[in-house]
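*Asks:* Let me see the structure of the following:
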Amino acid sequence: MNLQPHYSIKANGSEVANTLKNRLVEVSVTTRTGLASDTCYVRFDNLAEAPIALPSPSDKLEIAMGYKEGTKDQSAPSTKLGIFEVGAYELTGPNRSLTLFGNKVLWDKDFKALKVRSWPENGKDEPVLLDKLIKEIAAEYGLQAKIGDTFQGLEIPHIEQSESDMQLLSKLAVQFDAIMKIADDKLIFMAKGTGKSLSGKALPSATIGKKQLTAWKLNANHHKLIKSVDAYFYDQALAQKKQVSAGSGTPKTALTYVHHTQAQAQAAADAMLSRLARAHRVVALSVVGDPALVAGGVITIKEVDDSLDGDWFISEVKHVINHSGFASHLTCEALIPI
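*Replies:* Next up is the predicted model:
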């Protein structure tokens with residue numbers, strides 16, 4: 001079977017890869033978990049005798065990648081990797097080239113604007129529910145909220161917001177060790193490292209062995225090797241500060257903030273322990289190109305090295321097609337059950 005790399009680049013809905021196929025230098029798509037935007041990079045030879053039309057600020061690129069598998073370009077299977085706004089371009093010479101930089105931030109610009117408000121509103125005596133806060137913010141931008149079961153009905157402390165909605169949700173995602181992302185008109189807030197989508201179905205996964213790997217690098221940070229986390233809450237009935245824990249053993253760390261309820265304190269401790277467990281080991285992998293590998297998914301490394309073998313959470317993927325072929329570069333965190 002002929003597994004030649006194949007790609008599709010559509011500009012404002014029209015295929016350009018066919019006419020510019022012989023002038024493509026490189027096309028790449030990077031996907032990430034969290035609000036850091038997915039991006040694309042496309043570079044062409046820009047011959048003086050046949051210059052490529054320069055993009056306008058409203059232009060959009062749709063990129064897909066795959067393999068020909070012995071078929072013609074028009075029918076070759078490919079995986080769509082996203083639609084990107086052309087945020088910038090670059091012309092170079094005398095070796096003339098045109099490089100396009102695309103960004104997948106397609107939501108309302110007000111999402112980044114400063115807002116001053118209270119959760120709940122001043123004068124209302126009611127608990128702040130994390131899922132309700134996320135739904136209310138999503139609705140303001142015409143987005144559908146997709147929230148993981150872990151965060152349904154979870155009470156959080158009163159919030160005096162003096163930052164953008166993007167900053168607020170990003171901070172909450174860090175606090176609760178969640179993926180927070182906007183994609184396809186959905187605001188997604190879900191636990192990291194589950195390997196599942198919000199529908200409960202498993203995300204695309206893969207087993208990677210020596211045949212798929214072209215390079216790997218493992219970094220272990222021992223100062224992040226924490227086995228247990230303490231958190232505190234104020235028991236109103238007993239009028240005293242009490243402690244909850246996640247994990248067991250040493251080294252141990254403690255959260256300084258005193259939460260209002262035991263559930264809030266436990267959730268914070270669990271999230272911190274999970275985040276530190278993953279951050280202890282990070283691996284960078286270069287593998288044979290596979291467009292099905294996605295940020296937020298899980299891979300299993302098998303029979304490569306004792307320190308590497310096991311399950312890993314994919315935090316970032318960069319898919320690249322150039323003169324060297326098709327490669328996928330992954331950044332992964334250790335997936336450790338708590």
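
*Asks:* tell me the pLDDT at residue 201?
*Replies:* Note for residue 201: predicted pLDDT of 58.

*Asks:* likewise residue 16?
*Replies:* 89.

*Asks:* Against residue 222, how distant is it?
*Replies:* 49 Å (CB to CB, to the nearest Å). For the C-beta atoms, the positions are set from N, CA and C on the backbone; glycine is no exception.

*Asks:* Between the two, which is the more surrounded one?
*Replies:* Neighbours per residue (other CB atoms under 10 Å) separate residue 16 from residue 222, with residue 16 holding more: 18 against 7.

*Asks:* And that one, how close does it get to residue 183?
*Replies:* Residue 16 is 24 Å from residue 183, by CB to CB.

*Asks:* Number of residues surrounding residue 148?
*Replies:* 20.

*Asks:* thought it was touching residue 190?
*Replies:* Yes: using CB atoms under 8 Å, residue 148 makes contact with residue 190 at a distance of 3.7 Å.

*Asks:* quick check: longest helix of the protein.
*Replies:* Identified as the longest helix of the chain according to DSSP state H is helix 262-279.

*Asks:* Where does residue 238 sit, in terms of helix or strand?
*Replies:* Counting by DSSP states H and E, there is no helix or strand that carries residue 238.

*Asks:* Next one, pLDDT for it please.
*Replies:* Residue 238 is given a pLDDT of 87.

*Asks:* Kindly report the same for the one 4 residues further on.
*Replies:* The per-residue pLDDT reported for residue 242 equals 92.

*Asks:* got a list of what it touches?
*Replies:* Residue 242 sits next to 232-235, 262 when contact means CB atoms under 8 Å, 6 or more residues apart in numbering.

*Asks:* Name the residues linked to residue 299 by a beta bridge.
*Replies:* Under DSSP bridges, the beta-bridge partners of residue 299 are residue 206, residue 312.

*Asks:* rewinding a little: could the contacts of residue 242 be laid out in TSV, adding distance to residue 94, pLDDT and neighbour count?
*Replies:* Shown next, in TSV, are those (distance: CB to CB, whole Å; pLDDT from 0 to 100; neighbours: other CB atoms under 10 Å):
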residue	distance to residue 94	pLDDT	neighbour count
232	65	93	18
233	66	90	20
234	69	88	15
235	73	88	11
262	68	89	16
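
*Asks:* for this protein, what's the longest strand?
*Replies:* strand 78-92 (DSSP state E).

*Asks:* Next, the closest residue to residue 225 other than its chain neighbours: phi, psi?
*Replies:* Excluding the flanking residues, the one nearest residue 225 by CB to CB, 6 or more residues apart in numbering is residue 280, at 4.9 Å. Torsion angles at residue 280 (phi, psi; degrees, to the nearest 10) stand at phi -60, psi -40.
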